[in-house]
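Trainee: sequence and predicted structure, then a few things I'm wondering about:
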Amino acid sequence: MFSLDPVVKVSDATIFQESNSVLYNLDFEIAKGEFVFLVGRTGSGKSSLLKTLYADLPLRHGFIQVAGFNIDDLKPSKVPMLRRKIGIIFQDFQLFPDRTVGENLNFVMRATGWRETSKMKDRLAEVLMQVGLGSVERKMPHQLSGGEQQRVVIARSLLNEPMILIADEPTGNLDPEVSTGIMKLFQQINKSGTAILMATHSYGLIKKFPARVLKCKNGRIQDSAKEEFELVSEEEF
């Protein structure tokens, strides 16, 4: 049965980086199929918030639910189950350099419970086609451009049909033209029903692809769905 519950629900949460609180009194939701940008200066808590959402940092105060999992009391043994419901995309790709694209994706499938070779093969072909890379399965990461590597990372994040993609500066290492192509791919994925939360420093991308914005500032989050605020320039980020 289809649920209208938000894919992310944050209530009275404080986000920590080591022993320091970097964001506090957070209250926001992300609906299924929504596209949201996360912005803020370096050190404002963006990455710490994302890491808390996918249970890489502990939640010490407040309530967060992601894809039906309560992060505040999530047992370590349940973290892999949470990660099957979300896709995580990093700025620096994090592909195994000594394995082919196909081997990189197969590794993730095996690690998340896939067993049938024929189904793995079909899903591998499916996600590579989805990101516009039909013929790179046997290539090594170093044989691909930065944009192609990021598309492989996006394909990897889609393997388990996640409810939400959490992307931390996914265009940070890419030139503007390639970044635009990656953003158009994210839009296609989003239109198919996957929510996206994307941290970015690129004011240009937000201007070009308008969407809801969450802005980390002075330990709080401003939400463009609730209040108007200006994104003056990239210097703010």
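Mentor: Good, I have the coordinates.
Trainee: show me the shaky parts of this protein.
Mentor: 1-3, 232-237 (pLDDT under 70).
Trainee: let's see 90
Mentor: 1-5, 17-20, 42-43, 80, 90-94, 111-113, 134-135, 172-176, 201-204, 227-237 (pLDDT under 90).
Trainee: so which residues of it form helices?
Mentor: With DSSP state H, the ranges of helices along the chain come out as 46-53, 79-85, 101-111, 117-130, 146-158, 176-191, 203-208.
Trainee: so which bits of stretch 25-32 are buried?
Mentor: Applying a neighbour-count criterion of 16 or more other CB atoms under 10 Å, one finds 26, 28-30, 32 buried in stretch 25-32. Yep, even glycine has a C-beta here, placed from its N, CA and C like the rest.
Trainee: can you list those in CSV and add distance to Val152?
Mentor: Converted to CSV, the buried residues of stretch 25-32 look like this (distance: CB to CB, whole Å):
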residue, distance to Val152
Leu26, 33
Phe28, 31
Glu29, 31
Ile30, 25
Lys32, 26
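Trainee: what's the neighbour count on Asp98?
Mentor: Neighbourhood size, Asp98 [other CB atoms under 10 Å]: 10.
Trainee: what sits against it?
Mentor: Met140 (CB atoms under 8 Å, 6 or more residues apart in numbering).
Trainee: over to Thr112?
Mentor: Applying CB under 8 Å, 6+ apart to Thr112 gives the contacts 80, 83-84, 159-160.
Trainee: who's in contact with stretch 19-31?
Mentor: When contacts are defined by CB under 8 Å, 6+ apart, stretch 19-31 is touched by residues 6-16, 36, 43-45, 48-49, 62, 164, 195, 197, 214, 216, 219-221, 223.
Trainee: of these, buried ones?
Mentor: Using 16+ other CB under 10 Å, the buried ones in the contacts of stretch 19-31 are 6-10, 13-16, 36, 44-45, 48-49, 62, 164, 195, 197, 214, 216, 221, 223.
Trainee: I'd like to know which of those residues are part of strands.
Mentor: In strands, defined here by DSSP state E, the members of those are 8-10, 13-16, 36, 62, 164, 195, 197, 214, 216, 221, 223.
Trainee: any idea what the residue most central in space within the chain is bridged to?
Mentor: Centre of the chain computed as the mean C-alpha position; nearest residue by CA atoms, centre = their mean is Ile166, 1.4 Å away. Beta-bridge partners of Ile166, counted by DSSP bridges, are Ile88, Leu197.
Trainee: hang on, it packs against Lys85?
Mentor: No: counting by CB atoms under 8 Å, Ile166 does not reach Lys85; the two are 11.0 Å apart.
Trainee: of the helices of the chain, which is nearest Gln94?
Mentor: Across the helices of the chain, the minimum distance to Gln94, taken as CB to CB, is reached by helix 146-158, at 7.3 Å.
Trainee: just the CA atoms of the closest one, as CSV, please.
Mentor: Taking Å, rounded to 0.1, in the frame of the first residue of the first chain, the C-alpha atoms of helix 146-158 are listed here in CSV:
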residue,chain,number,x,y,z
GLY,A,146,34.9,12.7,-14.3
GLY,A,147,31.3,13.1,-15.5
GLU,A,148,31.2,9.5,-16.6
GLN,A,149,32.5,8.4,-13.2
GLN,A,150,29.9,10.4,-11.4
ARG,A,151,27.2,8.8,-13.6
VAL,A,152,28.5,5.4,-12.5
VAL,A,153,28.2,6.5,-8.9
ILE,A,154,24.6,7.6,-9.6
ALA,A,155,23.9,4.2,-11.2
ARG,A,156,25.4,2.5,-8.1
SER,A,157,23.1,4.6,-5.9
LEU,A,158,20.0,3.4,-7.9
